[in-house]
Structures are given as C-alpha cells and as structure tokens.
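A.B. asks: Test case, fold it:
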Amino acid sequence: MVNRLKSLKIVGSGPGDPELLTIKAYKSIKNAEVILYDNLINEEILHIASEKCLKIYVGKHPYGKYMPQEDINTLIAYYCGRFSNVVRLKGGDPYIFGRGFEEWFVAKELEIEVEYIPGISSMQGVGLSDIPLTHRGVSEGVWVLTGMKRNGDIATDLSLAVRCNSTVVIYMGMRKLAEIARIYLMNGKGDRPAAIIQRASRADEKKVLCKVKDLVKASQQAGMSHPAIVIIGEVVNLQYNLSALLQRERNMV
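C.D. replies: As a prediction, the model looks like this:
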C-alpha cells in the first residue's frame, strides 16, 4: 500500500466570477482529486476540475439545511487519508467569516499539512458596483463585522463603529437589518448611505442603495435574500457625487 502524504488546500474561490480566481486557486482546482465545496460556489468554478475529480457538497444554506461542521471535519480526515490532492473550496476568502481556520486547526490536529490559498472576499467585490471601501478624506478605515455571532447576536462592535467615519461592512446581516437601522438611528446616523449587495460579480447579482434607516424596506422592495453583504458609509454615494469629489481632490493636492 502506498503511503500517501496527508495534505489539504483551503482555497478561496472569490465572490463568484471564475475570472476572479487567483492563478494558484485555478491550478489547485484543476488538479484536485477531491473537492469539498460550499453552498456559495459558482458551478462554473467546479467545471474547472477534471471529470475524475470527486466533487462533494458540504454546504450550509443560510438559516436552512446544512452539514454540521463536525461532519465536514470527518470528511476532511477521511479524504486526506486516501487522496494526495484534496481541496476545501470556500466562497470569498476562507479566513474572513468562512470558518477556514477552524478547519486548518482540525487538519493540524490530525497531522495533515495545510496550504491556504486566499480568495477575493465579497467585501472587495463591492468595488465592482463602484463602491470603494476606503477613499482619502471620506473613509478613515474599514470595520468588518458579523451580523450573526455564535449566540445569534449582532457584533457588539457595531455600537462603536457607528460613531466613526469608517466604512462598515457587515457579513451575515440580513436577519439583523432592523437592528442595524435602529443602532444607527439611536446614534443620530440614520441618514448614512448604505448598500446591500448579493452575489457580487455574478450575472445574477442584485443590489440596492438606500439610507441605513431604510434597510428593511429597501431590501424587501428589491427582493434581496441571503446571503448578502451590507456596506454602510459615505463611500456608497461617492459615485453619484463626482463633481464634489473632484473638487475635494483638487483641494487636497
């Protein structure tokens, strides 16, 4: 019996458009013997793999059916013990609210070698909608928060982020839109620009722009659903304020 080196590649597939894959991610998928893939993976990306590759769905539908993380860990151990080229394929970047490092830890405990291959995150994908995450003189930074902690609560840091001029990005926040709006209203920031973007970079992308106080109404009118990303800050409206933006740039030179 051949003694195989146990190894795992934790690969980010980006926001969805196959052309946004890194070269390293593309090669890993193309050469994979086994791919354990998530719910968010574009089918076109799976077609990159060879016909002989075992493609195993281990996804979690938001607030619906899902494969328990313990079962995913068991599959990682099983396939890494039998194949030398196993890919754990995740949407966006595996280490940004993707539980990728939890699987790194499990693999390391099992003495499985791990290679991390970053992906373009969904928050970077908002740039495709002409929304920069930062801009000189407009946004002082970026807060990246979860809308759903393990106990079901929204990130406590939102009460701090609302007080600054930085861009706020909220993952998994669609069930918390009313609470997000309430926090901003309580801090006198209900008119701050906001956007909800679903399936960034894909042909079926959906997005809506509104004031943060109107998040619930705007999402319902636009038919938005899970998963989607929420962006809050003045950067959302920069694309519609070109003359003011150009004047600001001239003044800063």
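
A.B. asks: Could I get the pLDDT score of the nearest residue to Arg202 once chain neighbours are set aside?
C.D. replies: Leaving aside its sequence neighbours, Arg202 sits nearest to Gly16 (CB to CB, 6 or more residues apart in numbering; 4.1 Å). Just so you know, the C-beta spots here come from the backbone N, C-alpha and C atoms, and that holds for glycine as well. At Gly16, the model reports a pLDDT of 92.

A.B. asks: Roughly how far does Gly16 sit from Gly119?
C.D. replies: 10 Å (CB to CB, to the nearest Å).

A.B. asks: who's more crowded, the two?
C.D. replies: Comparing Gly16 with Gly119 by other CB atoms under 10 Å, the one with more neighbours is Gly119, at 26 against 23.

A.B. asks: Could you say which helix or strand holds the more buried one?
C.D. replies: Gly119 is part of no helix or strand when elements are defined by DSSP states H and E.

A.B. asks: any idea how far it lies from Leu8?
C.D. replies: Distance from Gly119 to Leu8, by CB to CB: 16 Å.

A.B. asks: What segments of the stretch 1-150 of the chain are helices?
C.D. replies: With DSSP state H, counting those that start in this stretch as the criterion, the stretch 1-150 of the chain has helices at 23-31, 43-46, 69-80, 100-109, 122-125.

A.B. asks: Give the other helices and strands that the second one contacts.
C.D. replies: For helix 43-46, the contact count by 3 or more CB pairs under 8 Å, 6 or more residues apart in numbering; DSSP states H and E identifies no helix or strand as a packing neighbour.

A.B. asks: what does the last one give?
C.D. replies: Using 3+ CB pairs under 8 Å, 6+ apart as the contact test, the elements touching helix 122-125 are strand 167-171, strand 229-232.

A.B. asks: Could you export the helices of the stretch 1-150 of the chain as TSV, including distance to Ala155, mean neighbour count and mean pLDDT?
C.D. replies: Shown next, in TSV, are the helices of the stretch 1-150 of the chain (distance: least, CB to CB, whole Å; neighbours: other CB atoms under 10 Å; pLDDT from 0 to 100):
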stretch	distance to Ala155	mean neighbour count	mean pLDDT
helix 23-31	28	17	98
helix 43-46	29	16	95
helix 69-80	20	17	94
helix 100-109	18	16	94
helix 122-125	14	23	94
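
A.B. asks: Dump those helices to a markdown table, plus distance to Val212.
C.D. replies: Formatted as a markdown table, the helices of the stretch 1-150 of the chain follow (distance: least, CB to CB, whole Å):
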| stretch | distance to Val212 |
| --- | --- |
| helix 23-31 | 34 |
| helix 43-46 | 33 |
| helix 69-80 | 32 |
| helix 100-109 | 30 |
| helix 122-125 | 17 |
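
A.B. asks: With respect to Ala195, which of those helices lies nearest?
C.D. replies: helix 122-125 (11.3 Å; CB to CB).

A.B. asks: Just the residues contacting that closest one, thanks.
C.D. replies: 14-16, 20, 91-92, 96, 133, 142, 144, 169, 171, 197, 200-201, 229, 231 (CB atoms under 8 Å, 6 or more residues apart in numbering).

A.B. asks: Many thanks, we can stop here.
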